[in-house]
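Undergrad: Structure of the sequence below:
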Amino acid sequence: MSEHPDADLDALRRAWPEPVPPSHDTCSAARTALLQEATAALPRRARRFRLPRAGGRVLAVGALAAAITAVAFVVGNPEGDTPRPMVPGLALPAANAQVLLHKAAAAARDRPFTAPRPKQWIYMETRYQGVPQATSGEVQTAETPLESRVDRAWTRADGKVLAMFEGGKLVRSPTGGGMPPTDFATVAALPTDPDALLTWLYGNVGVRQKRDVTAYLILGSLLNNNLVPPAQEAAVYQAMAKIPGVTVNPDAVDVAGRPALAVGCVEDGWVGHEILLDRTTYTYLGERAVAIADYVSPNPDIVFSIKKGTIMSRSVRLAIGITDKPGVRP
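TA: Numbers count the residues shown, from 1 in each chain. Below is the predicted model:
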(Lines give C-alpha, C1' and ligand atoms only; values in the text may rest on other atoms or scores of the structure.)
Protein backbone atom coordinates (compact mmCIF):
# COMPACT_ATOMS: atom_id res chain seq x y z
CA MET A 1 0.00 0.00 0.00
CA SER A 2 1.29 3.48 -0.83
CA GLU A 3 2.71 5.62 1.96
CA HIS A 4 0.90 8.60 0.41
CA PRO A 5 -2.80 7.67 0.22
CA ASP A 6 -3.86 11.26 -0.50
CA ALA A 7 -1.64 11.33 -3.59
CA ASP A 8 -3.18 8.03 -4.67
CA LEU A 9 -6.70 9.44 -4.41
CA ASP A 10 -5.71 12.62 -6.28
CA ALA A 11 -4.14 10.58 -9.07
CA LEU A 12 -7.27 8.46 -9.40
CA ARG A 13 -9.47 11.55 -9.55
CA ARG A 14 -7.34 12.97 -12.37
CA ALA A 15 -7.32 9.67 -14.25
CA TRP A 16 -11.08 9.13 -14.05
CA PRO A 17 -13.25 11.96 -15.44
CA GLU A 18 -16.42 13.02 -13.69
CA PRO A 19 -19.08 10.46 -14.67
CA VAL A 20 -21.94 11.74 -16.79
CA PRO A 21 -25.22 11.62 -14.84
CA PRO A 22 -27.57 8.93 -16.16
CA SER A 23 -30.48 9.93 -18.35
CA HIS A 24 -34.00 10.27 -17.04
CA ASP A 25 -34.92 6.91 -18.57
CA THR A 26 -31.90 5.21 -17.01
CA CYS A 27 -32.65 6.64 -13.56
CA SER A 28 -36.27 5.65 -13.91
CA ALA A 29 -35.38 2.08 -14.73
CA ALA A 30 -33.08 1.73 -11.73
CA ARG A 31 -35.57 3.03 -9.26
CA THR A 32 -38.37 0.77 -10.44
CA ALA A 33 -36.08 -2.23 -10.32
CA LEU A 34 -35.13 -1.54 -6.73
CA LEU A 35 -38.71 -1.15 -5.60
CA GLN A 36 -39.70 -4.37 -7.26
CA GLU A 37 -37.06 -6.43 -5.52
CA ALA A 38 -37.79 -4.70 -2.24
CA THR A 39 -41.43 -5.65 -2.56
CA ALA A 40 -40.64 -9.25 -3.43
CA ALA A 41 -38.47 -9.58 -0.32
CA LEU A 42 -41.09 -8.28 2.10
CA PRO A 43 -44.23 -9.98 3.38
CA ARG A 44 -47.41 -8.58 1.86
CA ARG A 45 -48.48 -6.71 4.94
CA ALA A 46 -45.13 -4.90 5.05
CA ARG A 47 -44.82 -4.04 1.39
CA ARG A 48 -45.84 -0.40 1.68
CA PHE A 49 -42.69 1.70 2.11
CA ARG A 50 -42.63 3.93 5.15
CA LEU A 51 -40.02 6.39 6.27
CA PRO A 52 -38.57 5.09 9.54
CA ARG A 53 -39.95 6.61 12.71
CA ALA A 54 -37.43 7.59 15.34
CA GLY A 55 -39.01 5.06 17.64
CA GLY A 56 -38.34 2.38 15.09
CA ARG A 57 -34.70 3.21 14.48
CA VAL A 58 -33.51 0.15 16.35
CA LEU A 59 -34.27 -2.87 14.20
CA ALA A 60 -34.70 -6.35 15.55
CA VAL A 61 -32.72 -8.94 13.61
CA GLY A 62 -35.73 -10.12 11.60
CA ALA A 63 -36.78 -6.59 10.68
CA LEU A 64 -33.23 -5.72 9.76
CA ALA A 65 -33.04 -8.62 7.33
CA ALA A 66 -36.06 -7.25 5.46
CA ALA A 67 -34.82 -3.66 5.63
CA ILE A 68 -31.50 -4.59 4.06
CA THR A 69 -33.22 -5.22 0.73
CA ALA A 70 -35.81 -2.48 1.05
CA VAL A 71 -33.51 0.58 1.21
CA ALA A 72 -31.40 2.41 -1.38
CA PHE A 73 -29.90 5.90 -1.59
CA VAL A 74 -28.73 8.40 -4.22
CA VAL A 75 -26.95 11.76 -4.04
CA GLY A 76 -29.23 14.73 -4.51
CA ASN A 77 -30.59 18.00 -3.23
CA PRO A 78 -33.47 17.48 -0.75
CA GLU A 79 -35.27 20.50 -2.14
CA GLY A 80 -35.85 18.83 -5.48
CA ASP A 81 -32.93 19.90 -7.67
CA THR A 82 -31.58 17.47 -10.25
CA PRO A 83 -30.03 14.56 -8.35
CA ARG A 84 -26.44 13.49 -8.94
CA PRO A 85 -26.52 9.71 -8.79
CA MET A 86 -23.40 7.96 -7.55
CA VAL A 87 -23.12 4.44 -8.86
CA PRO A 88 -21.06 2.29 -6.47
CA GLY A 89 -19.66 0.46 -9.49
CA LEU A 90 -17.83 3.69 -10.39
CA ALA A 91 -16.36 4.07 -6.92
CA LEU A 92 -12.69 3.71 -6.12
CA PRO A 93 -11.45 0.19 -5.32
CA ALA A 94 -11.46 -1.43 -1.90
CA ALA A 95 -7.82 -0.59 -1.15
CA ASN A 96 -8.68 3.11 -1.24
CA ALA A 97 -11.76 2.50 0.91
CA GLN A 98 -9.47 0.92 3.48
CA VAL A 99 -7.17 3.96 3.39
CA LEU A 100 -10.13 6.27 3.91
CA LEU A 101 -11.67 4.20 6.68
CA HIS A 102 -8.40 4.02 8.60
CA LYS A 103 -8.12 7.82 8.31
CA ALA A 104 -11.69 8.13 9.60
CA ALA A 105 -10.77 5.84 12.50
CA ALA A 106 -7.75 7.98 13.40
CA ALA A 107 -9.87 11.14 13.28
CA ALA A 108 -12.55 9.56 15.46
CA ARG A 109 -10.04 8.59 18.13
CA ASP A 110 -8.79 12.19 18.33
CA ARG A 111 -12.23 13.82 18.44
CA PRO A 112 -13.24 15.49 21.76
CA PHE A 113 -15.99 13.58 23.51
CA THR A 114 -18.08 13.86 26.66
CA ALA A 115 -20.02 10.78 27.77
CA PRO A 116 -23.60 11.25 28.97
CA ARG A 117 -24.69 10.24 32.45
CA PRO A 118 -27.25 7.37 32.59
CA LYS A 119 -30.22 9.67 33.22
CA GLN A 120 -29.24 12.27 30.64
CA TRP A 121 -30.75 12.28 27.16
CA ILE A 122 -29.15 12.00 23.74
CA TYR A 123 -30.80 14.35 21.26
CA MET A 124 -30.73 13.51 17.56
CA GLU A 125 -32.23 15.45 14.68
CA THR A 126 -32.40 13.67 11.33
CA ARG A 127 -33.94 14.45 7.95
CA TYR A 128 -35.36 11.39 6.17
CA GLN A 129 -36.53 11.12 2.57
CA GLY A 130 -37.90 8.15 0.68
CA VAL A 131 -40.22 7.00 -2.08
CA PRO A 132 -43.54 5.29 -1.42
CA GLN A 133 -43.73 1.64 -2.39
CA ALA A 134 -44.55 1.18 -6.04
CA THR A 135 -48.07 0.21 -7.03
CA SER A 136 -48.83 -2.48 -9.60
CA GLY A 137 -47.85 -1.35 -13.10
CA GLU A 138 -45.83 1.61 -11.85
CA VAL A 139 -42.39 2.54 -13.12
CA GLN A 140 -40.45 4.41 -10.47
CA THR A 141 -37.61 6.69 -11.48
CA ALA A 142 -35.26 9.32 -10.12
CA GLU A 143 -38.08 11.80 -10.77
CA THR A 144 -40.56 10.06 -8.47
CA PRO A 145 -41.51 12.49 -5.65
CA LEU A 146 -40.01 11.70 -2.26
CA GLU A 147 -41.75 11.74 1.08
CA SER A 148 -39.79 13.85 3.55
CA ARG A 149 -39.73 14.19 7.31
CA VAL A 150 -37.48 15.62 10.03
CA ASP A 151 -37.29 13.57 13.24
CA ARG A 152 -36.32 15.20 16.52
CA ALA A 153 -35.91 12.56 19.19
CA TRP A 154 -34.46 12.20 22.67
CA THR A 155 -33.22 8.79 23.84
CA ARG A 156 -32.33 8.36 27.48
CA ALA A 157 -28.70 7.33 27.80
CA ASP A 158 -29.69 4.06 29.46
CA GLY A 159 -31.50 3.20 26.22
CA LYS A 160 -34.83 2.46 27.87
CA VAL A 161 -36.93 5.51 26.98
CA LEU A 162 -37.53 7.45 23.77
CA ALA A 163 -39.22 10.87 23.67
CA MET A 164 -40.68 12.68 20.65
CA PHE A 165 -43.17 15.46 20.01
CA GLU A 166 -46.44 14.17 18.59
CA GLY A 167 -49.21 16.67 17.92
CA GLY A 168 -47.31 19.29 19.89
CA LYS A 169 -47.05 17.04 22.95
CA LEU A 170 -43.88 15.36 24.20
CA VAL A 171 -44.58 11.63 24.28
CA ARG A 172 -42.34 9.08 26.00
CA SER A 173 -42.25 5.42 25.03
CA PRO A 174 -40.04 2.37 25.65
CA THR A 175 -37.40 1.78 23.00
CA GLY A 176 -37.92 -1.97 22.82
CA GLY A 177 -34.25 -2.91 22.46
CA GLY A 178 -32.92 -4.39 19.24
CA MET A 179 -29.77 -4.63 17.15
CA PRO A 180 -27.63 -2.61 17.16
CA PRO A 181 -28.09 -1.51 20.79
CA THR A 182 -29.16 2.03 21.64
CA ASP A 183 -28.24 2.33 25.30
CA PHE A 184 -25.02 4.22 25.72
CA ALA A 185 -23.58 1.82 28.28
CA THR A 186 -23.81 -1.12 25.86
CA VAL A 187 -22.47 0.89 22.93
CA ALA A 188 -19.58 2.16 25.06
CA ALA A 189 -18.77 -1.42 26.09
CA LEU A 190 -18.53 -2.74 22.51
CA PRO A 191 -15.12 -4.10 21.48
CA THR A 192 -12.59 -1.53 20.34
CA ASP A 193 -10.67 -4.11 18.33
CA PRO A 194 -12.20 -4.39 14.82
CA ASP A 195 -11.82 -8.18 14.62
CA ALA A 196 -13.48 -8.58 18.01
CA LEU A 197 -16.24 -6.17 16.95
CA LEU A 198 -16.96 -8.24 13.83
CA THR A 199 -16.94 -11.44 15.90
CA TRP A 200 -19.46 -9.90 18.30
CA LEU A 201 -21.56 -8.72 15.38
CA TYR A 202 -21.67 -12.06 13.56
CA GLY A 203 -22.45 -13.81 16.81
CA ASN A 204 -25.48 -11.64 17.52
CA VAL A 205 -27.27 -10.98 14.26
CA GLY A 206 -28.15 -14.57 13.39
CA VAL A 207 -28.03 -13.82 9.66
CA ARG A 208 -26.00 -16.35 7.68
CA GLN A 209 -26.76 -15.23 4.14
CA LYS A 210 -25.51 -11.87 2.87
CA ARG A 211 -23.22 -11.89 5.89
CA ASP A 212 -20.91 -9.11 4.70
CA VAL A 213 -23.71 -6.77 3.59
CA THR A 214 -25.53 -7.40 6.87
CA ALA A 215 -22.41 -6.59 8.86
CA TYR A 216 -21.87 -3.39 6.90
CA LEU A 217 -25.48 -2.25 7.37
CA ILE A 218 -25.51 -2.90 11.10
CA LEU A 219 -22.25 -0.99 11.56
CA GLY A 220 -23.75 1.88 9.59
CA SER A 221 -26.89 1.75 11.71
CA LEU A 222 -24.74 1.88 14.83
CA LEU A 223 -23.26 5.17 13.62
CA ASN A 224 -26.60 6.53 12.45
CA ASN A 225 -28.66 5.82 15.56
CA ASN A 226 -26.27 6.38 18.43
CA LEU A 227 -23.86 8.69 20.16
CA VAL A 228 -20.77 6.49 19.70
CA PRO A 229 -17.63 6.95 21.84
CA PRO A 230 -14.39 7.64 19.91
CA ALA A 231 -12.81 4.23 20.50
CA GLN A 232 -15.91 2.36 19.32
CA GLU A 233 -16.43 4.69 16.35
CA ALA A 234 -12.84 4.06 15.27
CA ALA A 235 -13.43 0.31 15.59
CA VAL A 236 -16.54 0.58 13.39
CA TYR A 237 -14.54 2.18 10.57
CA GLN A 238 -11.72 -0.34 10.95
CA ALA A 239 -14.23 -3.21 10.91
CA MET A 240 -15.83 -1.82 7.74
CA ALA A 241 -12.38 -1.77 6.15
CA LYS A 242 -12.23 -5.55 6.68
CA ILE A 243 -15.54 -6.24 4.91
CA PRO A 244 -15.01 -7.53 1.35
CA GLY A 245 -16.24 -5.33 -1.49
CA VAL A 246 -16.45 -2.02 0.39
CA THR A 247 -15.67 0.91 -1.93
CA VAL A 248 -15.29 4.70 -1.65
CA ASN A 249 -16.45 7.60 -3.81
CA PRO A 250 -14.42 10.74 -2.92
CA ASP A 251 -16.75 13.14 -4.76
CA ALA A 252 -20.17 12.50 -3.26
CA VAL A 253 -22.72 15.01 -1.91
CA ASP A 254 -25.02 14.44 1.05
CA VAL A 255 -28.75 15.21 1.27
CA ALA A 256 -28.04 18.73 2.50
CA GLY A 257 -25.75 19.39 -0.47
CA ARG A 258 -22.51 19.14 1.49
CA PRO A 259 -19.42 17.59 -0.15
CA ALA A 260 -18.91 14.11 1.25
CA LEU A 261 -16.99 10.87 1.02
CA ALA A 262 -19.25 7.88 0.38
CA VAL A 263 -18.25 4.47 1.72
CA GLY A 264 -20.46 1.77 0.30
CA CYS A 265 -21.17 -1.84 -0.52
CA VAL A 266 -23.43 -3.48 -3.09
CA GLU A 267 -26.18 -6.00 -2.37
CA ASP A 268 -27.29 -8.52 -4.99
CA GLY A 269 -25.50 -6.56 -7.71
CA TRP A 270 -28.09 -3.79 -7.91
CA VAL A 271 -28.56 -2.05 -4.54
CA GLY A 272 -25.84 0.30 -3.33
CA HIS A 273 -25.76 1.11 0.40
CA GLU A 274 -23.54 3.94 1.64
CA ILE A 275 -22.54 5.96 4.66
CA LEU A 276 -21.41 9.55 4.13
CA LEU A 277 -18.45 11.20 5.85
CA ASP A 278 -17.22 14.79 5.86
CA ARG A 279 -14.35 15.16 3.40
CA THR A 280 -12.13 17.05 5.84
CA THR A 281 -13.03 15.92 9.35
CA TYR A 282 -14.43 12.44 8.51
CA THR A 283 -17.42 13.24 10.72
CA TYR A 284 -20.43 11.01 10.06
CA LEU A 285 -23.04 12.88 7.95
CA GLY A 286 -25.74 10.38 7.04
CA GLU A 287 -26.74 7.44 4.83
CA ARG A 288 -28.09 6.79 1.38
CA ALA A 289 -28.84 3.91 -0.98
CA VAL A 290 -29.31 3.78 -4.77
CA ALA A 291 -30.43 1.31 -7.39
CA ILE A 292 -27.35 0.67 -9.50
CA ALA A 293 -29.22 -1.47 -12.04
CA ASP A 294 -32.74 -1.73 -13.42
CA TYR A 295 -35.08 -4.02 -11.54
CA VAL A 296 -38.38 -5.71 -12.37
CA SER A 297 -40.51 -7.19 -9.62
CA PRO A 298 -40.72 -10.99 -9.72
CA ASN A 299 -43.97 -10.84 -7.76
CA PRO A 300 -46.88 -11.70 -10.12
CA ASP A 301 -49.37 -9.98 -7.82
CA ILE A 302 -47.65 -6.59 -7.92
CA VAL A 303 -45.74 -6.06 -11.17
CA PHE A 304 -43.67 -2.87 -11.20
CA SER A 305 -40.19 -1.75 -12.16
CA ILE A 306 -37.43 0.42 -10.72
CA LYS A 307 -34.97 2.27 -12.90
CA LYS A 308 -31.25 2.60 -12.29
CA GLY A 309 -30.53 5.71 -10.22
CA THR A 310 -33.89 5.66 -8.43
CA ILE A 311 -33.85 7.28 -5.01
CA MET A 312 -35.34 4.94 -2.41
CA SER A 313 -34.43 6.66 0.83
CA ARG A 314 -31.74 8.85 2.29
CA SER A 315 -31.00 10.59 5.55
CA VAL A 316 -28.79 13.33 6.89
CA ARG A 317 -27.91 14.02 10.51
CA LEU A 318 -28.75 17.62 11.34
CA ALA A 319 -27.75 17.65 15.02
CA ILE A 320 -26.67 15.41 17.90
CA GLY A 321 -25.93 16.25 21.53
CA ILE A 322 -26.63 15.66 25.25
CA THR A 323 -29.38 17.28 27.33
CA ASP A 324 -30.60 16.91 30.92
CA LYS A 325 -34.22 16.39 29.97
CA PRO A 326 -36.26 15.56 26.86
CA GLY A 327 -37.87 18.30 24.84
CA VAL A 328 -34.83 20.55 25.22
CA ARG A 329 -32.23 20.83 22.48
CA PRO A 330 -28.51 20.96 23.32
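Undergrad: where do the strands sit along this protein?
TA: Counting by DSSP state E, the chain has these strands, from start to end: 121-130, 139-140, 147-156, 161-166, 169-174, 247-253, 259-267, 271-278, 284-291, 295-296, 305-306, 311-323.
Undergrad: so where is the stretch 101-250 of the chain shaky, pLDDT-wise?
TA: Within the stretch 101-250 of the chain, the stretches falling below the threshold (pLDDT under 70) are 206-209.
Undergrad: which residue ranges form the helices in it?
TA: Under the criterion DSSP state H, counting those that start in this stretch, the stretch 101-250 of the chain contains helices at 184-188, 194-205, 211-225, 230-241.
Undergrad: Skip the chain neighbours and tell me the closest residue to Gly286.
TA: By the measure of C-beta to C-beta, 6 or more residues apart in numbering, the closest residue to Gly286 outside its immediate chain neighbours is Val316, 3.9 Å from it. No exception for glycine: its C-beta is placed from N, CA and C like everyone else's.
Undergrad: Contacts only, for the one you found.
TA: By C-beta atoms under 8 Å, 6 or more residues apart in numbering, the contact set of Val316 is 78, 126-127, 254-256, 276, 285-286.
Undergrad: Turn the helices of the stretch 101-250 of the chain into TSV, including distance to Pro300 and mean neighbour count.
TA: What follows is the helices of the stretch 101-250 of the chain, written out as TSV (distance: least, C-beta to C-beta, whole Å; neighbours: other C-beta atoms under 10 Å):
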stretch	distance to Pro300	mean neighbour count
helix 184-188	44	18
helix 194-205	31	16
helix 211-225	27	21
helix 230-241	38	23
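Undergrad: Tell me which of those sits nearest to Arg111.
TA: Judged by C-beta to C-beta, the one of the helices of the stretch 101-250 of the chain that comes nearest to Arg111 is helix 230-241, at 5.5 Å.
Undergrad: Tell me how far Ile302 lies from Val266.
TA: Applying C-beta to C-beta, to the nearest Å, one obtains 25 Å for the distance of Ile302 from Val266.
Undergrad: returning to what we had before: now for the strands of the chain, which one comes closest to Lys210?
TA: strand 259-267 (6.6 Å).
Undergrad: what bridges to the residue nearest to Gly286?
TA: On the basis of DSSP bridges, Val316 is bridged to Arg127, Gly286.
Undergrad: now Ile306
TA: Beta bridges link Ile306 to Gln140, Tyr295, judged by DSSP bridges.
Undergrad: can you pull the pLDDT of it?
TA: Note on Ile306: pLDDT of 88.
Undergrad: can you count the residues close to it?
TA: Here the number of neighbours of Ile306 (other C-beta atoms under 10 Å) works out to 36.
Undergrad: same check, this time on Ser148
TA: By other C-beta under 10 Å, 15 other residues sit near Ser148.
Undergrad: Return the distance of the nearest residue to it once chain neighbours are set aside relative to Glu147.
TA: Spatial nearest neighbour of Ser148, chain neighbours left out: Gln129 (4.8 Å); criterion: C-beta to C-beta, 6+ apart. Gln129 sits 7 Å away from Glu147 when distances are taken as C-beta to C-beta.
Undergrad: Equivalent analysis for Ser305, please.
TA: The value you get for Ser305 to Glu147, if C-beta to C-beta is used, is 20 Å.
Undergrad: So which of the helices of the stretch 101-250 of the chain is nearest Val290?
TA: Within these, the stretch nearest Val290 is helix 211-225; the backing value is 14.5 Å (C-beta to C-beta).
Undergrad: JSON lines for the helices of the stretch 101-250 of the chain, including distance to Gly159?
TA: Rendered in JSON lines, the data for the helices of the stretch 101-250 of the chain read as follows (distance: least, C-beta to C-beta, whole Å):
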{"stretch": "helix 184-188", "distance to Gly159": "7"}
{"stretch": "helix 194-205", "distance to Gly159": "16"}
{"stretch": "helix 211-225", "distance to Gly159": "11"}
{"stretch": "helix 230-241", "distance to Gly159": "15"}
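Undergrad: tell me the centre residue of this protein?
TA: Relative to the mean C-alpha position of the chain, the nearest C-alpha, by C-alpha atoms, centre = their mean, is the one of Glu287, at 3.2 Å.
Undergrad: What pLDDT is listed against that residue?
TA: We note a pLDDT of 93 for Glu287 in this prediction.
Undergrad: Pick out whichever of Ile302 and Val266 has more residues nearby.
TA: In this view Ile302 and Val266 are compared by other C-beta under 10 Å, and Val266 has more residues nearby, 21 against 18.
Undergrad: What pLDDT is listed against that one?
TA: Checking the pLDDT column for Val266, the value is 88.
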